[in-house]
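Undergrad: what's the 3D shape of this:
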Amino acid sequence: MPSWEDVKDHLRVGFTLDRDEEHELVLTLHHHSHDQLRAQRVMVRHYENRATELLEIRSAFAKAGDVSVDEVLEQNLKLPIGAIAKHGDFLVLVHRVALKHTTLDGVSFYVTRLAEVADWLEERRGGDQF
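TA: Take a look at the predicted model:
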């Protein structure tokens with residue numbers, strides 16, 4: 001089981017961080033889609049709930065008012081990872097995992113896969129804002 005310090009060190013080596021705080025890291029992943037360079041910002045947060053250390057990985061993909069509630073709820077059933085939630089004025093794709101049930105490679109997988117899916121959700125709407 002990796003510790004939060006292990007996770008931070010692993011992400012610092014594997015990614016360029018936009019923000020590095022005690023219990024939160026923010027990074028931007030860049031990739032090509034249809035010959036276009038795209039970017040997706042991801043937040044990784046560490047917290048404890050019921051004596052269990054957890055990671056929350058999330059990435060915004062739309063403004064809340066720009067997408068219908070029915071569309072979002074239907075899309076939730078088709079997602080390969082995470083769930084859609086409202087955070088302030090934004091819709092985010094969010095995934096939570098207990099540290100004791102993952103590895104450092106697992107954390108990298110969750111971060112990159114969540115970024116890919118969030119960017120896909122955003123790209124379907126014609127944007128690259130997040």
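Undergrad: make it CA atoms for all contacts and neighbour counts henceforth
TA: Noted.
Undergrad: what pLDDT, on average, does the helix or strand residue 70 falls within get?
TA: According to DSSP states H and E, residue 70 maps onto helix 69-76. Summarised as a single mean, pLDDT over helix 69-76 is 89.
Undergrad: If you count contacts, what does it end up packed against?
TA: For helix 69-76, the packing partners by 3 or more Cα pairs under 8 Å, 6 or more residues apart in numbering; DSSP states H and E come out as strand 83-87.
Undergrad: could you check the angle helix 69-76 makes with the helix or strand following the strand it packs on?
TA: Using DSSP H and E, the next helix or strand after strand 83-87 towards the C-terminus is strand 90-98. Using axes from the mean of the first three to the mean of the last three Cα atoms, to 10 degrees, the direction of strand 90-98 lies 30 degrees away from that of helix 69-76.
Undergrad: for the record, mean pLDDT for strand 90-98?
TA: 97.
Undergrad: what's the angle from that strand to strand 83-87?
TA: Using the same axes, to 10 degrees: strand 90-98 against strand 83-87 is 120 degrees.
Undergrad: Parallel or antiparallel, list what pairs with strand 90-98.
TA: Sheet pairing of strand 90-98 (DSSP bridges) gives strand 52-63 (antiparallel), strand 83-87 (antiparallel).
Undergrad: and of those, who's closest to residue 98?
TA: strand 52-63 (4.3 Å; Cα to Cα).
Undergrad: now the closest one, how far from the centre of its chain.
TA: In terms of Cα atoms, centre = their mean, to the nearest Å, the centre of strand 52-63 is set 5 Å apart from its chain centre.
Undergrad: which residues sit against that strand?
TA: Outside strand 52-63, the residues within contact range by Cα atoms under 8 Å, 6 or more residues apart in numbering are 40-48, 89-100, 110-111, 114-115, 118-119, 121-122, 129-130.
Undergrad: for the helix ranked longest in the chain, packing partners?
TA: Scanning the chain for the helix with the most residues, using DSSP state H, yields helix 104-124. Judged by 3+ Cα pairs under 8 Å, 6+ apart, the packing partners of helix 104-124 are helix 4-14, strand 36-49, strand 52-63, strand 90-98.
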